[in-house]
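Predicted coordinates and the sequence they were generated for:
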Amino acid sequence: MQSMTARELAGRDHYYRGTCRAWTLTVAAMACAGITGAAQAQSSKHGAYTGTVTVSGTEVGRYTNGSFRANIKITLPLTSASTSSAMAEISDVDKPSAMASILQWNQAGKDSSPDSGGKINTWTCSLAAPTDVPMNAQGTLNLNYRAKTHSMFIALVSMKEVPFNCNHSRSGPYKKTKLVSLFFGTSEPDVLPWKELPFADTARLKATYKLLPVSAMKGQYGPLDQEWDLLLKR
């Protein structure tokens, strides 16, 4: 096998940097919107919403694109509650509040310019096998009891790297591991007011919803198909 050129190595570095793009975008957006909380507790006197979220979507870009699909188990502790509203804030540091089953993760990319031989090199990477990984989460869930609606945005990043099988058009196949990031919610965090979805019972938040990026994530991600089922446990 030929040794990797500086451009080929740069291509791999670009792929690695892309793994945290969702995390960087969403956390920055949440900070701008003023919703990043300092709440670290995984339990609450008000209870917590616990359940599952399924997500599938695409990453789009000028030089990189891909697709992903995952099932997420998560706990969102309520940090405040009144007769009219409630809020769950989550901001993990060391202890994860989510576990994700990564079912599909494919990415492909190309160099921005030709190599010394005049060729545009390309690469592909795909999930080596379905993988369960603990994830740190950051975000907010809002409930409006009077209107019977809820809104939220949660960003997640894996606490360990996930294995991938890759192939480079010049150097051939190789293996790597990388962190992955996910997100779900009713709207992008910097788009105010947030999109609100109805609920029939505060004890169960259930919805099927397609998130269409219109702000910070527009041009970075395609539509995100989501389904969540969260039960309130006290």
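In hand now; what should we look at? Residues are numbered from 1 along each chain as shown.

hey, where'd the helices end up in this protein?
Assigned by DSSP state H, the chain shows helices spanning 6-18, 21-33.

looking at those, which one has the lowest mean pLDDT?
Among the helices of the chain, helix 6-18 carries the lowest mean pLDDT, a mean of 39.

where does this structure dip in pLDDT?
Counting by pLDDT under 70, the ranges of the chain that qualify are 1-44, 93.

The same query, at a cut-off of 50, please.
Along the chain, segments meeting pLDDT under 50 span 1-43.

Any idea which residue is closest to the centre of it?
With distances taken as C-alpha atoms, centre = their mean, Leu182 lies nearest the centre of the chain, 1.4 Å away.

any idea how far that residue is from Ala86?
Distance of Leu182 to Ala86, computed by C-beta to C-beta, to the nearest Å: 24 Å. From N, CA and C alone the C-beta is placed, and that goes for glycine too.

Mind listing what's buried along the top strand by length along the chain?
When the chain is parsed with DSSP state E, its longest strand is strand 64-81. For strand 64-81, the neighbour count (16 or more other C-beta atoms under 10 Å) marks 64-72, 74-79, 81 as buried.

where do the strands sit along this structure?
Counting by DSSP E, the chain has strands at residues 48-59, 64-81, 85-91, 98-110, 122-127, 131-144, 149-158, 162-168, 172-178, 181-185, 197-198, 204-211, 224-233.

Would you check that Ser97 makes contact with Ile90?
Yes: assessed by C-beta atoms under 8 Å, Ser97 is found in contact with Ile90 at 5.9 Å.

which residues do the two both contact?
76-77, 137 (C-beta atoms under 8 Å, 6 or more residues apart in numbering).

before we move on, the earlier item: just checking, the residue nearest to the centre of the chain touches Arg69?
No: the criterion here is C-beta under 8 Å, and Leu182 misses it with Arg69 at 10.1 Å.

what about stretch 216-229, start to end distance?
Chord length of stretch 216-229, first to last residue, is 27 Å (C-alpha to C-alpha, to the nearest Å).

try stretch 170-182
Stretch 170-182 has its terminal residues 30 Å apart, counting by C-alpha to C-alpha.

got it, and stretch 178-194?
End-to-end distance of stretch 178-194 (C-alpha to C-alpha): 32 Å.

what's the answer for stretch 105-116, then?
For stretch 105-116, the first and last residues are 31 Å from each other (C-alpha to C-alpha).

Please spell out which residues along it are buried.
Buried, per 16+ other C-beta under 10 Å, within stretch 105-116: 105-111, 115.

show me the contacts for Lys110.
11, 63, 120-123.

ok, and the most crowded of these?
Counting neighbours by other C-beta atoms under 10 Å, Gly11 leads the contacts of Lys110 with 25 neighbours.

ok so, going back, kindly provide the distance from the residue nearest to the centre of the chain to Leu156.
Using C-beta to C-beta, Leu182 is found at 5 Å from Leu156.

Overlap in contacts, the two.
Residues touching both Leu182 and Leu156 by C-beta under 8 Å, 6+ apart: 72, 100, 135.

Just give the closest residue to the first one, not the sequence neighbours.
If the residues on either side of it in the chain are set aside, Ile72 comes closest to Val53, at 4.4 Å by C-beta to C-beta, 6 or more residues apart in numbering.

Which residues are in contact with that neighbour?
Counted by C-beta under 8 Å, 6+ apart, Val53 has contacts 71-72, 74, 184, 226-228, 230.

at 6 Å what do you get?
Counting by C-beta atoms under 6 Å, 6 or more residues apart in numbering, Val53 touches 72, 184, 228.
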